[in-house]
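mind looking at a prediction? Sequence and model below.
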Amino acid sequence: MSAAVDDNRLHGDPGIESFEPDAEPRVSITETPMQRDRARTIFEKSHPGRRAFVAPELDVDARPLDELLPERMRRSEPPRLPEIAEPEIVRHYNRLSKRNFDLDTGFYPLGSCTMKHNPKLHERVAALPGNARLHPLQDPERSQGALQLMYELQVALGEVAGLPHVSLHPSAGSHGELAGVLLTRAYHEDRGDQRTKVLTPDTAHGTNPATVTMAGYEVVKVGTNADGGVDVDDLRAKTDGQVACLMLTNPNTLGLFDRNIEEIASIVHDAGATLYYDGANLNAVMGISRPGDMGFDIVHYNLHKTFTQPHGGGGPGAGPIAVSDRIEPYLPRPQVVRVTSPTGRAHATSGRTTSGSPEANGGDQVIYHLDYDRPKSIGRLRGFQGNYGVFVRSYAYILSLGGDGLREASETAVLNANYLLARLKEKGVAEYLPVAYDRLCMHEFVLSGEAMKKDLGLRTLDLAKRLLDFGFHPPTVYFPLLVDEALLIEPTETETKETLDAFADVVAEILREAADDPEIARGAPYTTPVRRLDEAGAAKRPVIRQAL
Ligand SMILES: Cc1ncc(COP(=O)(O)O)c(C=O)c1O
């Protein structure tokens, strides 16, 4: 075949995959310049003596180095930095930046990840010196603006979730999950109740059971009903006095809203357990329905998804949590609080203050404060107060959209998903990629590639890779696990009808192409900086070190 990949190259060499030199190409695509340009690191481009900067002549008297910095504080050898001229640095990093597929380049319907447009205004706000240069060790009295922003973000997030108390500590959705399960443990233990199990549906994101295990609980899986929701009978059968919590996302990872949520909440609460909301799918329901009103006790948000923040590649993110009154005493420490003080001095308020809705308080001065006096707290989850830049962007997003705007964003996300689903249900696609659970979806939906595999010999992975050649990032593949050959598609609210149509047309075109010659998709991608990789090998034997 033309586009075979030499797996061995991956193990010893992180460079570009190439075509087999003597194979006859089946498609008339040759190696692109980007593929030929092997990934040389900035260290490999280094030349002794090259510089991007020349220091000006000294205009003060030279002083011996020992007077300026004692020898014990100095390096014995200079650091091994690349020596390179400015234009080469600029080219190097520009070229690298173009090797990545990103949201500013094209449609990115990665289900469950909410890759929506991140307004550029947020970057300007986050880059303001008062935000970007604020030192995390700055005294609270001298960082009132930042604390006010964090406090007001807490209030806004609490409003979105319908729960009154928010902590911004966790740095990712999964970190928020861990916080939530630790809060659950603290809540039960404080009541002298030792519980051992946490329930997760079989549609759950992998981080849910992983979190449960990390927190020292046993994972108990709950089945899915024919409607794509929680199997309530199975839930009832598995909910006993040993269950600490049920972790749920609603809409779930099939993109379906669970209509039985009230019954689910009462089964869980009747057993004395807590109900945890995985908020990764909050983009579907902002301003429409609130987890707190559905009966959830603990919620995490993925600020980097729902509230816009460039993400991917592991961060930075933020996974704040909101909780009900009964969980509040255990929230991480410190908490950002607003206090009113007749003197205006931070130390004037030593008692614990909760983060409720701010009310102007006569002529008293309002100050924002870090409250450490939380005796039942689960403690610190990280250094400092969280990824502040993410807070700034999310705050800017919430203020610029307002309550109505957030609702409209969710409504449009749902509309776009249903439009794209309708387009993909058309003849030519639906025979090969039927929708897994056929009902009105929320912000995303799942197709099954089983028929495509059987009838065209194309796996979901092949379709995903071929989409890259048409300029689209693939959807999430092989998740959720209960759908064979799954494709989880989340178009988001920030895409135009033309883009959605173009995507649907390309899927149809790839299927037509595969009916003629499935080898083309099987060898894809052809146009990307690297060709089809041995992903298992890359995960098991990553090449992450470069000898200097
Ligand atoms: C449903 C769901 N839950 C939890 C998470 C974990 O969030 P994070 O990646 O921020 O840790 C994700 C991430 O993709 C998710 O899709």
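Structure received. The model shown is predicted, which means the values in this text are computed figures rather than measured ones.

which bits of this protein sit near the ligand?
With CB under 6 Å from any ligand atom as the criterion, the chain comes near the ligand at residues 112-113, 172-174, 205, 207, 249, 253, 278, 280, 302, 317, 319. Placement of C-beta: from N, CA and C, glycine included.

which pair in those residues has the greatest spatial separation?
253 and 317 (18.4 Å; CB to CB).

quick one: which of those two has more around it?
Neighbours were counted for residue 253 and for residue 317 using other CB atoms under 10 Å; residue 253 has more, 28 against 22.

so how far is residue 382 from that one?
Going from residue 253 to residue 382 by CB to CB, to the nearest Å gives 27 Å.

is the closest residue to the ligand within the stretch 1-150 of the chain part of a helix or strand, or is it coil?
Nearest residue of the stretch 1-150 of the chain to the ligand, counting by CB to the nearest ligand atom: residue 112, 3.4 Å away. Secondary structure state of residue 112, per DSSP: H, G, I helix; E, B strand; the rest coil, is coil.

wait, it touches residue 281, no?
Yes. Counting by CB atoms under 8 Å, residue 281 is a contact partner of residue 112 at 7.1 Å.

quick check: neighbours shared by these two?
Jointly contacting residue 112 and residue 281 under the rule CB atoms under 8 Å, 6 or more residues apart in numbering are 253, 444.

which of those two has more neighbours?
The neighbour comparison of residue 112 against residue 281 (other CB under 10 Å) goes to residue 281, with 27 against 23.

can you check the pLDDT for that one?
Note on residue 281: pLDDT of 97.

now swap in residue 58 and tell me
92.

repeat for residue 149
98.

what helix or strand is it on?
Assigned by DSSP states H and E, residue 149 belongs to helix 144-161.

residues in contact with the closest residue to residue 92 other than its chain neighbours?
Leaving out its chain neighbours, the residue that sits closest to residue 92 by CB to CB, 6 or more residues apart in numbering is residue 42, at 5.5 Å. Listed by CB under 8 Å, 6+ apart, the contact set of residue 42 reads 82, 84, 89, 92.

run through the strands of the stretch 351-500 of the chain in chain order.
365-371, 445-448, 476-477, 486-489 (DSSP state E, counting those that start in this stretch).

quick one: mean pLDDT for the second one?
Mean pLDDT, strand 445-448: 98.

kindly report the same for stretch 369-380.
The model assigns stretch 369-380 a mean pLDDT of 96.

what distance separates the start and the end of it?
Using CA to CA, to the nearest Å, the end-to-end distance of stretch 369-380 comes to 16 Å.

can you point out the buried residues in it?
Buried positions in stretch 369-380, judged by neighbour count with 16 or more other CB atoms under 10 Å: 369-371, 374, 377-378.

closest one to the ligand out of those residues, please.
Comparing those against the ligand with CB to the nearest ligand atom places residue 378 closest, at 18.4 Å.

which phi and psi does the closest one have?
Backbone torsions for residue 378, taken as degrees, to the nearest 10, come to phi -70, psi -10.

ok, residue 307 - contacts?
Contact analysis of residue 307 by CB under 8 Å, 6+ apart lists 301, 393-394, 397-398.

mind putting the strands of the stretch 351-500 of the chain into CSV with distance to residue 186?
Formatted as CSV, those follow (distance: least, CB to CB, whole Å):
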stretch, distance to residue 186
strand 365-371, 17
strand 445-448, 35
strand 476-477, 33
strand 486-489, 34
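
which one of these lies nearest to residue 65?
Checking these against residue 65 by CB to CB gives strand 365-371 as the closest, at 40.8 Å.

quick one: mean pLDDT for stretch 269-276?
The model assigns stretch 269-276 a mean pLDDT of 98.

which residues touch it?
In this structure, residues lying in contact with stretch 269-276 by CB under 8 Å, 6+ apart are 177, 180-181, 184, 187, 193, 195, 199, 239-241, 243-248, 264-265, 268, 295-299, 327.

can we see that at 7 Å?
Outside of stretch 269-276, the residues within contact range by CB atoms under 7 Å, 6 or more residues apart in numbering are 180, 184, 187, 239-241, 243-248, 265, 268, 295-298.

for the stretch 51-200 of the chain, which residue gets nearest to the ligand?
Nearest residue of the stretch 51-200 of the chain to the ligand (CB to the nearest ligand atom) works out as residue 173 at 2.4 Å.

that residue contacts residue 300, correct?
Yes. Counting by CB atoms under 7 Å, residue 173 touches residue 300, with 5.7 Å between them.
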